[in-house]
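Q: Sequence plus the predicted model coming up.
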Amino acid sequence: ETAKMAIDWYTAKFQKTIREIEDHYSKYRISDALMSTYKLIWDDYCSWFLEMVKPGYGDPIDAVTYNQIIEILEDNLKILHPFMPFVSEEIWQTITERSSEEALIIAKWPEQTSFDETIIKEFTHASEVIAGVRKIRKDKNISFKNEIDFNVLNNENTSMTFDGVISKMGNISNLEYVTGSVDGALSFRVRSNEYFIPIAGAIDVEAEKEKIQ
């Protein structure tokens, strides 16, 4: 389910970005086209998408997800090709055996299709929540291997679409919605929403006291 959400989000993000790239090319803003391509592949594909679809340690990836990831990678190579012709062609030929008529240099440019703008906005919020969880883990020396509880005070009535992704990326064992502030918890905000990580079992309280002293 997490992988499916990731694929739906990246597909929408790709479609939004390819419109930006086409606009830049049409106005000969080549450096802007490159930057849009760079951000899509480095920030969205590598930093977020691959982490979301990665199966659990030691688990195999399902065939449906794997095939869709390859299709997405191939689309990425197509938009990278004008700037990285040799590397992208090498990867293209390595993915599967292809004839000279199937070379990347003469492959069809990705088509523009309709996309869901809402899922892009929802993921932007979710990514900020994940970043908040990771910051608290880092600041409080909570190992990323240890599962934590997580409480949400949803003042903005934010969509729960990406709750599974937040749980996976934050290594959260129990995500619950609450109606008020949680006492004795580490907290942070994303816009009007408040997020709480109960201290019990998450951090060494005595060590934290000593550090503060």
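A: Nice, I can see it.

Q: Spit out the contact partners of the most centrally placed residue in the chain.
A: Most central in the chain under CA atoms, centre = their mean is residue 48, positioned 2.7 Å from the mean C-alpha point. When contacts are counted by CB atoms under 8 Å, 6 or more residues apart in numbering, residue 48 touches 6, 123, 127. For every residue, glycine as well, the C-beta is placed using N, CA and C.

Q: Helix or strand with the lowest mean pLDDT in this structure?
A: For the chain, the helix or strand with the lowest mean confidence is helix 205-212, at a mean of 78 (criterion: mean pLDDT, DSSP states H and E).

Q: secondary structure element for residue 79?
A: Element membership for residue 79, per DSSP states H and E: helix 63-80.

Q: circling back to that earlier point, what does the least confident helix or strand of the chain rub up against?
A: Identification of contacts with helix 205-212 by CB under 8 Å, 6+ apart yields 140, 199.

Q: try it again with 7 Å
A: The contact list for helix 205-212, computed with CB atoms under 7 Å, 6 or more residues apart in numbering, reads residue 199.

Q: Return the alpha-carbon coordinates of it using CSV.
A: Output for helix 205-212, consisting of C-alpha atoms alone and laid out as CSV, is shown next (Å, rounded to 0.1, in the frame of the first residue of the first chain):
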residue,chain,number,x,y,z
VAL,A,205,15.2,10.6,30.6
GLU,A,206,18.1,10.7,33.1
ALA,A,207,20.6,11.2,30.3
GLU,A,208,18.5,14.1,28.9
LYS,A,209,18.3,15.7,32.4
GLU,A,210,22.1,15.4,32.8
LYS,A,211,22.6,17.0,29.3
ILE,A,212,20.3,19.9,30.1
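
Q: Tell me the buried residues in it?
A: Neighbour counts over helix 205-212 (16 or more other CB atoms under 10 Å) mark no residue as buried.
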